[in-house]
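**Student:** fold the stuff below for me.
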Amino acid sequence: MPWTAIRPFLSRALRPSHTATVAALALLSGCSGVAVQLGSTPESSQAGARDAHAPPPEEAGTPERLRAAEETAIQSALRLVEAKRAHYAIGPADLLEITVYQEPDLDRKVRVTPEGSITLPLVGEVKVGGLGVADAERAVHQKLTRYVVEPHVSVFIREYGNKQVYVLGEVHKPGSYALPTEAPLTVVEAVALAGGFTQFASQNRTRVIRHREGKSETFVVEVTAVTRHGDKSRDLRLEPNDVVFVPESFF
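**Tutor:** Here you go, the predicted model:
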């Protein structure tokens, strides 16, 4: 699926050199976007047209506000990643967890075959390839109704067969990228796949957000330690579904 993005300007309006610009938040979405700039004009200046709720200039660029703006951008990006996963079509090698309410003997973790099917107790083979999670639940439910009264089926994707990572923020081509099977992929390599950093990137605040067993971890990677000083030990190896986020430089 192609990805398009509005370049994340975040706090550019807060810089002394960009006081006339209100910057659009960096979002990754499935539809086209544009960076919206609202420049001040002599007319608006004379009219004193300023947002009554906007912070005074001396407060707008405080570190606390800038960090809050960066965190907002990260959370927005993560929500869009989750939205994309919500519309994911089940494919070969995906690991599914099937649970049937109050029927623990029917609960299973099963891997989707290359043909797009899974095998479950009582019902045998169920075709789920190409289905979303809700449709897969209905397919299993339909099969089980012959053996269980009103089965309540839940399907969870525990592991994606099509392993990928997401590179978002201040890169030229934000989006999802497949993890290679022949060798590990590092943060610096993933950024290169995404077209490299933009001129506004804060390279040494690059973050990796990792979800594991229901918990979220965040790692900060000092990219220049790798690219300029050759310290490859600082270049984190990525795992499936990691999100690499490159924030914008504040100044």
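
**Student:** and the strands in the stretch 1-150 of the chain?
**Tutor:** For the stretch 1-150 of the chain, strands defined by DSSP state E, counting those that start in this stretch occupy the ranges 4-6, 27-29, 95-100, 108-111, 117-120, 124-127.

**Student:** export those to JSON lines and tack on mean pLDDT, mean neighbour count and distance to Arg207?
**Tutor:** Bear in mind the C-beta positions are built from the backbone N, C-alpha and C, glycine included. Formatted as JSON lines, the strands of the stretch 1-150 of the chain follow (pLDDT from 0 to 100; neighbours: other CB atoms under 10 Å; distance: least, CB to CB, whole Å):
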{"stretch": "strand 4-6", "mean pLDDT": "40", "mean neighbour count": "18", "distance to Arg207": "17"}
{"stretch": "strand 27-29", "mean pLDDT": "40", "mean neighbour count": "19", "distance to Arg207": "15"}
{"stretch": "strand 95-100", "mean pLDDT": "96", "mean neighbour count": "18", "distance to Arg207": "27"}
{"stretch": "strand 108-111", "mean pLDDT": "96", "mean neighbour count": "14", "distance to Arg207": "31"}
{"stretch": "strand 117-120", "mean pLDDT": "96", "mean neighbour count": "18", "distance to Arg207": "36"}
{"stretch": "strand 124-127", "mean pLDDT": "96", "mean neighbour count": "14", "distance to Arg207": "39"}
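
**Student:** nearest to His152, of those?
**Tutor:** With respect to His152, and counting by CB to CB, the nearest of the strands of the stretch 1-150 of the chain is strand 95-100 at 6.8 Å.

**Student:** could you list the paired strands of that closest one along with their orientation?
**Tutor:** strand 108-111 (antiparallel), strand 153-159 (antiparallel) (DSSP bridges).

**Student:** how far out from the middle of the chain is it?
**Tutor:** 24 Å (CA atoms, centre = their mean, to the nearest Å).

**Student:** now stretch 217-224
**Tutor:** For stretch 217-224, the distance to the chain centre is 16 Å (CA atoms, centre = their mean).

**Student:** find the nearest non-adjacent residue to Tyr101, please.
**Tutor:** His152 (3.7 Å; CB to CB, 6 or more residues apart in numbering).

**Student:** now for Pro151, how many residues are close by?
**Tutor:** 18 (other CB atoms under 10 Å).

**Student:** just say helix, strand or coil for it.
**Tutor:** Assigned with DSSP: H, G, I helix; E, B strand; the rest coil, Pro151 falls in the coil class.

**Student:** on that earlier part again, among the strands of the stretch 1-150 of the chain, which is nearest Val148?
**Tutor:** strand 95-100 (6.9 Å).

**Student:** which residues touch that closest one?
**Tutor:** The contact list for strand 95-100, computed with CB atoms under 8 Å, 6 or more residues apart in numbering, reads 90, 106-112, 118, 120, 128, 136, 140, 144, 148, 151-159, 161.

**Student:** and if we set it to 6 Å?
**Tutor:** 106-111, 151, 153-156, 158-159 (CB atoms under 6 Å, 6 or more residues apart in numbering).
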